[in-house]
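K.L.:
sequence and predicted structure, then a few things I'm wondering about:
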Amino acid sequence: MTGTITQPNWKRLFLQMLVGAVVGAVATLALLWVWDVPEPSARMFAAGTGLIYALMGLMVGLGAIATVAGARILNVEDVEDLRDQRMILALSAAACVMIGLLFLILAAVPAGGVDGPVSRETAVVAVGVCLVALIVLTYLTNRRVDELTRHVSMEASSLAMQASFVLFGGWAALTHFGFVQWAEPLVVVAGLALLQLVAIFWVSGKRGLIVPQKTA
Amino acid sequence: MENRIKSFRESQGWSQGELARRLGVSRQTVNAVETDKYDPSLPLALRMAKLFAEPVNRLFLDHWQPEDPQ
C-alpha cells in the first residue's frame, strides 16, 4: 500500500452508476415480466427495492471474492486495501443480499391471502430465515467495523428516522384527515429500506466517501 | 477540524494503510481524518498523539479562543 489519496475519480463514479442503473432496470423489468406483477403496484416497488439491495450486495460480494477486479470497481485504494477490508465487505454484501432477498420474497406474494409465484407458507419461512441471517450478519459486522463506519451508520440511521417520520408521519396525518388513502404495507416497509439506503449514500457522500479516489 | 496528521505520517515514511494498521482502524478512516472529512474520537486522537509522540494540540489545530471574562 503506497499511494496517497489526491483527487476524486468522477469518471469511475459515473461509470459505476451507469452500469448499476442499466443492470438494475433490466433486472427489474425481467422480474416483473416473469412474475406478471401489475404496474405500478406495491409489489413492483418492493421488487425494485429488493433488486437494488441484491445487486448492490452481489457487486460488492463479487468484488470481495475477485480482489483484482474488485479493486477496480469498489471504492478502495488498491488490491491490498481491498484484502484488508475483505471480511467487512463480504459481511456487508451478504447483509445486502439478504435484505434484497427479503423484499423479493415479499414481492413474490400478492396481498390479500393468495399464493403467487411463491406460496404464502414458503414465503413466511423464507422471510424468517432472512431476518435471522440479517441479525447474525449485523452482529458480526458491528464487531468488525471501525469508528468511521459506525459514525456514518449512526448519522445515516438518525437521518433516515427523521425522513421516515416526515414522509410516513405526514402521510398518516393526511390519511387521518381523509385527504389520501393509507399506503399498502409493502410500500411502507420498502420505503423505510430505501430511505435508509438514501441516507447512507447522503451521509457518505457528504463526507467524501462515495467518490472513488485516484492515487498519486 | 484542521490537522497535521498527513505531515506527521509522511515524516515517518508511512502510507495511510500503514498508519491505519498501527492505529487499528481502516485506511478510509485515516484518509477521512487527513482530509478533514471526519474528526476522530477522543480515544483515536489520543492514540495518534501517542504514536507520533506529540501532544494532541500539535496534531489537531483548534483556533477557538475563550471569551475574555470581564
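P.N.:
Nice, I can see it.

K.L.:
would you check that B:Asn31 makes contact with B:Gln16?
P.N.:
Yes. B:Asn31 lies in contact with B:Gln16 (CB atoms under 8 Å); the separation is 5.6 Å. Every residue, glycine included, has its C-beta placed from N, CA and C.

K.L.:
so these two - more neighbours on which side?
P.N.:
Using other CB atoms under 10 Å in any protein chain shown, the more surrounded residue of B:Asn31 and B:Gln16 is B:Gln16, with 26 against 23.

K.L.:
I'd like the average pLDDT over the longest helix anywhere in chain A.
P.N.:
Under DSSP state H, the helix in chain A containing the largest number of residues is helix A:147-176. Averaging pLDDT along helix A:147-176 gives 96.

K.L.:
between the very next helix or strand once past that helix and helix A:147-176, what angle do the directions make?
P.N.:
Next in sequence after helix A:147-176, counting helices and strands by DSSP states H and E, comes helix A:185-206. Here the directions of helix A:185-206 and helix A:147-176 differ by 140 degrees (axes from the mean of the first three to the mean of the last three CA atoms, to 10 degrees).

K.L.:
what pLDDT, on average, does helix A:185-206 get?
P.N.:
Mean per-residue pLDDT for helix A:185-206: 94.

K.L.:
just the C-alphas of that helix, formatted as CSV.
P.N.:
The C-alpha trace of helix A:185-206 is given here as CSV (Å, rounded to 0.1, in the frame of the first residue of the first chain):
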residue,chain,number,x,y,z
PRO,A,185,-47.8,-2.4,3.9
LEU,A,186,-45.2,-3.3,1.2
VAL,A,187,-44.8,0.4,0.3
VAL,A,188,-44.2,1.3,3.9
VAL,A,189,-41.6,-1.4,4.5
ALA,A,190,-39.8,-0.9,1.2
GLY,A,191,-40.0,2.9,1.7
LEU,A,192,-38.2,2.6,5.1
ALA,A,193,-35.4,0.4,3.5
LEU,A,194,-35.0,2.9,0.6
LEU,A,195,-34.8,5.9,2.9
GLN,A,196,-32.1,4.1,4.9
LEU,A,197,-30.2,3.5,1.7
VAL,A,198,-30.5,7.1,0.5
ALA,A,199,-29.5,8.3,4.0
ILE,A,200,-26.3,6.2,3.9
PHE,A,201,-25.4,7.5,0.5
TRP,A,202,-26.2,11.0,1.5
VAL,A,203,-24.0,10.9,4.7
SER,A,204,-21.2,9.0,3.0
GLY,A,205,-21.3,11.5,0.1
LYS,A,206,-21.2,14.4,2.4
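
K.L.:
longest helix in chain B, please.
P.N.:
Longest helix in chain B, counting by DSSP H: helix B:42-52.

K.L.:
ok now the longest helix of chain A, how far from the chain's centre?
P.N.:
Relative to the chain's own centre, helix A:147-176 is displaced by 16 Å; criterion: CA atoms, centre = their mean, to the nearest Å.

K.L.:
buried sites along it?
P.N.:
A:147-149, A:151-153, A:155-156, A:159-160, A:163-164, A:168, A:171 (16 or more other CB atoms under 10 Å in any protein chain shown).

K.L.:
same question, stretch A:98-111
P.N.:
Neighbour counts using 16+ other CB under 10 Å place A:98-110 of stretch A:98-111 among the buried residues.

K.L.:
quick one: A:Phe103 from chain B, how far?
P.N.:
As for A:Phe103, its distance to chain B is 28 Å (criterion: CB to the nearest CB, to the nearest Å).

K.L.:
who does the helix or strand containing that residue touch, helix- and strand-wise?
P.N.:
For A:Phe103, the host element (DSSP H and E) is helix A:86-108. On a contact count with 3 or more CB pairs under 8 Å, 6 or more residues apart in numbering or on different chains; DSSP states H and E, helix A:86-108 meets helix A:10-35, helix A:42-65, helix A:120-144, helix A:185-206.
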